[in-house]
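quick one, fold the following:
(one chain, ligands or ions: 1)
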Amino acid sequence: MKLKRLLQLIAPFTLVIIIAVFVLNIITHGSIQHPGKSSYQTNCAQCHGDNGEGIRVLIPPLFHSDFAKNNFDSIPCWLKNGISHKISVNGVEYEQPMYGLNMDEIQIANVMNYLSKELLDSNREVNSIQVKEILKNCK
Ligand code: HEC
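Okay, the predicted model is just below:
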């Protein structure tokens, strides 16, 4: 049984190989990607920009947005039902509707945590249970 012998030889090294691949991945990609990042890129970036910069007078920025930071708990309802009234973000008024997006509470929580950490420079965090609770009480 040559194969069995070979497997027995390799077995002790599998953990080392897994760790090596993991470390290599971090080195080549800079860091472990935040789980909300891909969700942000799929659902938000086409409007708000890759870095949350927004689009001139049409789409408000998310990067350091005072409005998003001050109304963090309302974000789940905005993502579910949209926003269509005049808002003021960092001193600039916007009045283009944002439509509701089809995202579940896990995707919303992930994207909100990404937003909080990477764009709002805030330490607020939510989990999917909290998001689900908030969604029950949207006006
Ligand atoms: C189709 C374009 C579009 C997409 C996609 C979109 N938004 Fe918006 N978003 C807008 C517009 C337009 C407004 C301004 C609404 C208003 O003026 O009432 C807005 C407003 C906001 C605000 C409040 C204003 C601010 O800048 O702080 C937040 C927070 C927000 N969006 C987050 C998100 C997140 C998170 C996603 C992805 C999950 C997303 N949006 C996807 C267009 C979009």
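
going forward, measure contacts between C-alpha atoms and count neighbours the same way
Will do.

could you point out which residue ranges in the chain have low pLDDT?
Across the chain, the ranges flagged by pLDDT under 70 are 1, 30.

care to break it down by domain?
If you go by automatic domain parsing, the domain ranges for the chain are 1-32, 35-136.

residues making contact with the helix or strand containing L15?
Element membership for L15, per DSSP states H and E: helix 14-29. Contact with helix 14-29 is made by I32, as judged by CA atoms under 8 Å, 6 or more residues apart in numbering.

quick one: the strands in this protein?
87-89, 92-94 (DSSP state E).

partner strands of the last one and their direction?
In the sheet containing strand 92-94, the strands it pairs with under DSSP bridges are strand 87-89 (antiparallel).

can you pull out the helices in the protein?
Using DSSP state H, the helices of the chain run over 2-10, 14-29, 35-43, 45-48, 66-70, 75-81, 105-114, 128-136.

which of those helices is buried the deepest?
Ranked by mean neighbour count, these are led by helix 105-114 with a mean of 22 (mean count of other CA atoms under 10 Å).

hey, C-alpha coordinates of it in CSV?
Only the C-alpha atoms of helix 105-114 are listed here, as CSV (Å, rounded to 0.1, in the frame of the first residue of the first chain):
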residue,chain,number,x,y,z
GLU,A,105,-30.6,40.9,8.2
ILE,A,106,-27.2,39.1,8.1
GLN,A,107,-26.2,41.1,5.0
ILE,A,108,-27.5,44.3,6.5
ALA,A,109,-25.6,43.7,9.8
ASN,A,110,-22.4,42.9,7.9
VAL,A,111,-22.6,45.9,5.6
MET,A,112,-23.4,48.2,8.6
ASN,A,113,-20.4,47.0,10.5
TYR,A,114,-18.2,47.5,7.5
